[in-house]
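In: Quick check, what structure comes out for this input:
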Amino acid sequence: MLADAIAVNVKIEEISMTHNDLSLPNGVKIIRALKNMTNLKKLSLNSCTLDQELLQELVNSLQANETLTDLNLYSNEINSEGAQMIAQLLANKVNLRTLGLSNNYIGQSGAREIAAVCQDALFGLVRLSLESNLIGNLGLIGLSKAMIDNEQLEELYLYNNEIDDDSIDAFTEMLDNKRRLRILGLEYNKIRNKAEHIMRAI
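Out: Model prediction:
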């Protein structure tokens with residue numbers, strides 16, 4: 001079984017299980033097997049039907065991991081409570097450089113949970129993807145305040161998040177020191193009169 005193979009191969013540094021339904025019985029075993037992988041650096045579980053129960057298993061398995069640099073959980077079933085679990089998981093992941101949570105349901109409160117862990121632990125985050133999560137203005141304001149001192153950010157993806165002009169002042173203040181920023185994705189939002197403010201900030 002795959003879970004057994006993973007459990008004994010502790011030297012693996014990168015795993016991608018994208019488009020595998022981990023809600024099936026063997027999925028839990030695979031996630032639990034990650035606990036033995038102390039060298040794991042990159043983990044992609046995109047479109048894996050991760051729900052609250054599986055997220056808790058993931059938190060338990062990766063809590064002691066000190067090597068993780070990339071975590072991608074796109075297109076799952078992660079809501080605000082799930083975002084809180086992820087924040088708990090990442091509280092000691094000071095080496096994390098990439099966090100991908102696009103196409104989930106974390107909402108405004110979930111975005112604030114992610115913002116808090118970005119401020120407290122993820123000082124070197126280089127890529128953050130939160131597309132299509134309905135984080136809204138409150139979520140963006142929280143994220144902007146949390147990441148104002150991060151000078152490492154290179155890629156930020158926020159399209160389709162119900163963002164409008166009301167959050168742009170806080171957002172542009174955060175962008176002022178993002179000298180390494182190469183990619184900024186804001187498509188399919190509702191920014192109208194303050195788009196030029198963003199252009200000046202970058």
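In: Can you find the helix or strand of this protein with the lowest average pLDDT?
Out: helix 2-8 (a mean of 55; mean pLDDT, DSSP states H and E).
In: strands paired with the helix or strand following that helix, and their directions?
Out: Tracing the chain past helix 2-8, the next element assigned as helix or strand by DSSP states H and E is strand 14-16. Strand pairing for strand 14-16, determined by DSSP bridges: strand 42-44 (parallel).
In: any idea which helix or strand comes after the strand it pairs with?
Out: Next element after strand 42-44 (DSSP H and E): helix 52-62.
In: Go through that following helix and flag the buried ones.
Out: Residues of helix 52-62 classed as buried: 54-59, 61-62 (neighbour count, 16 or more other C-beta atoms under 10 Å). Where C-beta positions appear, they are placed from N, C-alpha and C, glycine not excepted.
In: Now do the strands in this protein.
Out: For the chain, the strands defined by DSSP state E cover 14-16, 42-44, 70-72, 98-100, 127-129, 155-157, 183-185.
In: pLDDT weak spots in this protein?
Out: Of all residues in the chain, those with pLDDT under 70 make up the ranges 1-10.
In: Name the single longest helix found in it.
Out: The longest helix of the chain (DSSP state H) is helix 107-120.
In: what packs against that one?
Out: Here helix 107-120 touches helix 80-90, helix 136-146, going by 3 or more C-beta pairs under 8 Å, 6 or more residues apart in numbering; DSSP states H and E.
In: correct me, but residue 157 touches residue 128?
Out: Yes - assessed by C-beta atoms under 8 Å, residue 157 is found in contact with residue 128 at 7.2 Å.
In: Between the two, which is the more surrounded one?
Out: Higher neighbour count among residue 157 and residue 128: residue 128, with 23 against 20, using other C-beta atoms under 10 Å.
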